[in-house]
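Q: Curious how this folds, go ahead:
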Amino acid sequence: MVVGTVRAPARAATQQWTCRLLFKFVLKIFYGTIVVENAHLIPETGRPCIVSANHCNSLTDALLLVTSIPTKKRNMLHLTAKATLFGHKTFTSWLIESAGTVPIKRRKDVEDGKVDNSDAMLKLVEALEIGDAVCLFPEGMSRHRQHFRSDVLVTFHEPLVFRVKDHPELIAPIDYDHIRQLTAKMHDIISSGTINSPTWDLIRTAKLAARIYAPLGTRMSLGDHVRAIRSFLDALRPADGHEPGTTSDGDDEDIQELTRLRDDLKAYQDQLSQWGIKDDRIRHPLPRHTILSRMIIRFLWSMALFTLSFPGLLLWLPIFVTTFYAVHNFKKTGPIFDTWDEIAQYKLIYGLFSGLLVWFAAVILTWPIAPFTVILVPAFMWMTLRWFEDAVSSFRAFNTLWRLLRVGKPTLRSMHDRRQDLHSRVMNLAHSIGLPQDPESYFVEVGGKEKGRVNGSWDSTRRYFSIRRRRKRDWNETLRLYDKVDYPDDD
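A: Residues are numbered from 1 along each chain as shown. Take a look at the predicted model:
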């Protein structure tokens with residue numbers, strides 16, 4: 001493979017730069033926080049590079065990668081997409097075609113299951129030969145995650161470097177066992193930043209163990225949060241479906257203890273879900289008078305913020321209605337596996353266009369003062385989203401405090417003792433798998449950021465207006481009035 005210094009065609013690079021600028025802010029509106037890790041590991045332009053990633057949200061994943069790669073590192077990323085997205089008179093089709101995206105044919109999209117991607121592979125090889133980067137999603141399909149104001153983690157890993165002299169087994173004549181070993185290695189690297197499990201129940205239990213280990217308020221980054229969950233997931237995995245007597249005595253006893261811990265964690269989470277409260281409320285029990293005073297404060301604050309955000313929500317209403325209607329109709333257009341994975345991109349695109357129309361309409365209706373409203377309208381809409389997000393958060397806290405009153409002090413004391421036992425067992429498990437014993441101190445030292453908190457009153461005021469600023473303290477929280485801790489039933 002030739003490593004050259006020839007740059008990508010100016011037209012495609014310019015169009016991708018335009019798309020990057022257009023969607024960077026839109027993505028930060030749609031998602032709560034976009035955390036990018038290890039961008040310094042990306043090879044610079046001039047070195048051929050293949051970016052392989054897991055696939056969550058069709059076109060949205062590609063946009064996230066394009067906007068996450070610094071332009072100083074890469075000025076062009078050749079994208080790939082399923083061929084069925086091309087050739088339509090839609091904005092999505094125009095966008096992916098104008099950005100130089102290469103169509104990939106999939107077997108499941110044709111009746112006889114036979115496809116020829118020779119031309120696509122040739123285009124990608126040509127891009128690599130001039131030192132550009134190409135993007136591939138090995139899964140071949142995406143799995144939707146489209147909750148408004150949810151968080152996204154983009155992690156770049158140490159690149160795998162292949163040279164003919166170092167890897168002669170990868171050139172003709174090819175032994176496909178070597179190819180399978182390579183793809184297995186790629187799978188392990190990519191999946192190390194994701195949460196994969198044979199059952200939803202195991203994910204739910206691992207997330208609870210991680211919350212007990214590093215409770216709400218621990219100053220840790222989203223990447224550290226995901227890796228903590230992944231560590232507990234791997235540690236609890238042997239207990240999933242284990243039958244006594246199938247391993248040696250020592251291993252069997254350890255797995256039985258893991259099984260008991262998993263069952264106890266599940267029962268504890270079931271009780272929390274039934275009451276509608278978080279583990280943090282059990283960890284720090286509050287006296288009755290404190291609960292009542294905080295309920296008053298949270299309710300008044302949420303009502304004040306709802307009132308403050310109401311005029312701006314009228315501007316957002318056409319955007320929400322248009323997006324909901326478009327997505328609702330889109331779900332009816334095809335099979336679930338081929339439509340639901342595109343929900344996020346439809347929300348982004350329809351939200352973008354309806355938002356621009358609202359902006360233009362507001363400017364026209366206020367034409368005498370248009371030089372001011374052209375700036376004030378989007379700024380007011382942004383602050384409305386901030387106020388509404390904080391109002392929802394405050395109302396969630398009010399609901400939780402009300403549920404605490406209904407549970408009663410004796411029951412909460414019993415649950416607190418139960419949690420203390422679980423905490424001790426979870427910390428023992430954390431020690432056995434090599435996690436730090438003092439997570440709150442450790443994650444501060446390694447540079448983690450505590451969610452929703454800043455240092456100093458001036459910093460707090462300034463960052464409140466920042467598109468990076470988040471008021472939510474829980475990485476699992478999105479813009480809704482309830483917590484999402486339960487998942488679909490396993491078959």
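Q: what about the helices in the stretch 351-491 of the chain?
A: 370-407, 409-432, 439-445, 457-464 (DSSP state H, counting those that start in this stretch).
Q: Which of those helices has the highest mean neighbour count?
A: helix 370-407 (a mean of 17; mean count of other CB atoms under 10 Å). In short, each C-beta sits where N, CA and C put it, glycine included.
Q: Ile291 sits in which helix or strand?
A: helix 288-330 (DSSP states H and E).
Q: Show me what that helix is packed up against.
A: helix 343-365, helix 370-407 (3 or more CB pairs under 8 Å, 6 or more residues apart in numbering; DSSP states H and E).
Q: outside of stretch 360-367, which residues touch it?
A: 315, 370, 373-374, 377 (CB atoms under 8 Å, 6 or more residues apart in numbering).
Q: swap that for stretch 31-43, please
A: 27-28, 49, 64, 67-70, 73-74, 133, 149-159, 221-223, 468, 470, 472, 478-479.
Q: Assess the claim that Ile190 and Cys56 are in contact.
A: No: the pair Ile190 / Cys56 is not scored as a contact, 12.0 Å apart, by CB atoms under 8 Å.
Q: I'd like the distance from the helix holding Ile291 to the chain centre, please.
A: 23 Å (CA atoms, centre = their mean, to the nearest Å).
Q: quick one, that helix and helix 409-432 angle?
A: Angle, helix 288-330 to helix 409-432, by axes from the mean of the first three to the mean of the last three CA atoms, to 10 degrees: 70 degrees.
Q: got a markdown table for the helices of the stretch 351-491 of the chain, with mean pLDDT and distance to Pro287 too?
A: What follows is those, written out as a markdown table (pLDDT from 0 to 100; distance: least, CB to CB, whole Å):
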| stretch | mean pLDDT | distance to Pro287 |
| --- | --- | --- |
| helix 370-407 | 90 | 11 |
| helix 409-432 | 94 | 9 |
| helix 439-445 | 83 | 24 |
| helix 457-464 | 47 | 28 |
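Q: so which of the ones you listed comes closest to Phe232?
A: The minimum distance between Phe232 and the helices of the stretch 351-491 of the chain falls on helix 409-432, with 7.3 Å, by CB to CB.
Q: Which elements pack onto the closest one?
A: helix 200-213, helix 222-236, helix 249-275, helix 279-283.
Q: Whichever strand or helix holds Val154 pairs with which strands?
A: Element membership for Val154 (DSSP H and E) is strand 152-155. Using DSSP bridges, the strands paired with strand 152-155 are strand 34-37 (parallel).
Q: on that earlier part again, please dump the contacts of stretch 360-367 into TSV; it should also carry distance to Asp264 for every row.
A: TSV is the format used below for the contacts of stretch 360-367 (distance: CB to CB, whole Å):
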residue	distance to Asp264
Leu315	49
Ala370	63
Thr373	58
Val374	58
Val377	53
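Q: And the residues you listed, which is closest to Thr194?
A: Leu315 (36.6 Å).
Q: Look up how far Ile369 lies from that closest one.
A: Here the criterion is CB to CB, to the nearest Å. By it, Leu315 lies 16 Å from Ile369.
Q: Give me the contacts around stretch 21-28.
A: With CB under 8 Å, 6+ apart, stretch 21-28 has contacts from 34, 60, 63-64, 66-67, 348, 351-352, 467-468.
Q: Could you check how many residues crowd around the spatially closest residue to Ala370 that is not a sequence neighbour?
A: The spatial neighbour of Ala370 that comes closest, neighbours along the chain excluded (CB to CB, 6 or more residues apart in numbering), is Val363 at 5.1 Å. The tally of other residues near Val363 (other CB atoms under 10 Å) stands at 18.
Q: Determine which residue lies closest to the centroid of the chain.
A: Among the residues of the chain, the one closest to the centroid is Val152, at 2.8 Å (CA atoms, centre = their mean).
Q: Tell me if I'm right that that residue and Asp61 touch.
A: No: look at Val152 against Asp61 with CB under 8 Å: they stay out of range, at 9.5 Å.
Q: show me where pLDDT drops low in the stretch 201-350 of the chain?
A: Scanning the stretch 201-350 of the chain with the threshold set as pLDDT under 70 gives 240-251, 334-342.
Q: Pull out the buried residues from stretch 112-124.
A: 117, 120, 123-124 (16 or more other CB atoms under 10 Å).
Q: pLDDT of that stretch, averaged?
A: Averaged across stretch 112-124, pLDDT comes to 89.
Q: pretty sure Ile229 contacts Ala210?
A: Yes: using CB under 8 Å, Ile229 is in contact with Ala210, at 4.5 Å.
Q: So which of the two has more stuff around it?
A: More crowded of Ile229 and Ala210, by other CB under 10 Å: Ala210, with 27 against 23.
Q: List the contacts of that one.
A: 225, 228-229, 231-232.
Q: Kindly recompute the last result at 6 Å.
A: Residues in contact with Ala210 (CB atoms under 6 Å, 6 or more residues apart in numbering) are 228-229, 232.
Q: Return the distance of the residue in the chain sticking out farthest from the centre relative to Ala209.
A: Largest separation from the mean C-alpha position in the chain: Pro368, at 42.6 Å (CA atoms, centre = their mean). Plainly put, Pro368 is 60 Å away from Ala209 if you go by CB to CB.
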